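Novice: Provided below for reference: sequence and predicted model.
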Amino acid sequence: MPEQYYNPLSDLGKIKESLIALFYNTEDLTRLVPHCFDTPYIEGMTMGHDSAIFVETYLTKAVSQRIKEVGIDICVLCHKDSIGLSESDKEYYQSKGIYGNRIDSSIQVIHSSILAPRATDDIKEALSVFGKYSIGGLTLSSEKEPLKPYSPGAGFYGKCLSYTYQSFHQRK
């Protein structure tokens, strides 16, 4: 049987799936954001006055055939009419140390979720179908703006978090 070679692009979709599952399983986030997509755009999507998370992955460095760095952008947006939180939601999130409008609160919950040890474990587990990986935790990007405004279209407001992680792939 011919030897299979590692494809550094093979796991980008699995990372998205793992993060989307993490976000859907984070109750504090689903109270703020009803939709989560694996594409970075809203054209053609019917969102009405809702909010959404968009997850995009890309290869930032391929040091060798086995070592790489992956970039992850997590963008949160909402319709301008949905930026504010109800008083009960404000009280709920403030009791947890989360402050600001819907977008500010969402990025705080997303960042806390990603920093949780289970996030890295879930990504490692998802990537195990591609071989044996050793990965570091997700960290806010140091090479580009880690948090920036996100304006995908008229009537929407958002912010985008940028993360990176490095992995080393070993053959099975």
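Specialist: That came through, no problem.
Novice: Quick one: the strands in the protein, in order.
Specialist: 35-37, 51-62, 67-79, 132-135, 139-140, 147-150, 156-170 (DSSP state E).
Novice: Adding mean neighbour count and distance to D121, write those out as JSON lines.
Specialist: To be clear about C-beta, it is placed using only N, CA and C from the backbone, and glycine gets the same treatment. Output for the strands of the chain, formatted as JSON lines (neighbours: other CB atoms under 10 Å; distance: least, CB to CB, whole Å):
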{"stretch": "strand 35-37", "mean neighbour count": "17", "distance to D121": "20"}
{"stretch": "strand 51-62", "mean neighbour count": "18", "distance to D121": "18"}
{"stretch": "strand 67-79", "mean neighbour count": "21", "distance to D121": "16"}
{"stretch": "strand 132-135", "mean neighbour count": "14", "distance to D121": "10"}
{"stretch": "strand 139-140", "mean neighbour count": "14", "distance to D121": "16"}
{"stretch": "strand 147-150", "mean neighbour count": "14", "distance to D121": "25"}
{"stretch": "strand 156-170", "mean neighbour count": "19", "distance to D121": "13"}
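Novice: out of those, which comes closest to K16?
Specialist: strand 51-62 (4.9 Å; CB to CB).
Novice: quick one on the thing from earlier: just give me the lowest mean pLDDT stretch among the strands of the chain.
Specialist: Lowest mean pLDDT within the strands of the chain: strand 132-135, a mean of 58.
Novice: Throw the strands of the chain into CSV and include distance to P117, thanks.
Specialist: As requested, these are arranged in CSV below (distance: least, CB to CB, whole Å):
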stretch, distance to P117
strand 35-37, 21
strand 51-62, 20
strand 67-79, 17
strand 132-135, 13
strand 139-140, 14
strand 147-150, 22
strand 156-170, 14
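Novice: Which among those is found nearest to Y99?
Specialist: strand 156-170 (14.3 Å).
Novice: What strands flank the closest one, and is each parallel or antiparallel?
Specialist: Applying DSSP bridges to the sheet, strand 156-170 is found paired with strand 67-79 (antiparallel), strand 132-135 (antiparallel), strand 139-140 (antiparallel), strand 147-150 (antiparallel).
Novice: closest one to D28 among these?
Specialist: Of all the strands paired with strand 156-170, strand 67-79 comes closest under CB to CB, at 13.3 Å.
Novice: thinking again about what came up before, okay, the strands paired with strand 156-170 in CSV with distance to E27 next?
Specialist: Rendered in CSV, the data for the strands paired with strand 156-170 read as follows (distance: least, CB to CB, whole Å):
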stretch, distance to E27
strand 67-79, 16
strand 132-135, 26
strand 139-140, 24
strand 147-150, 23
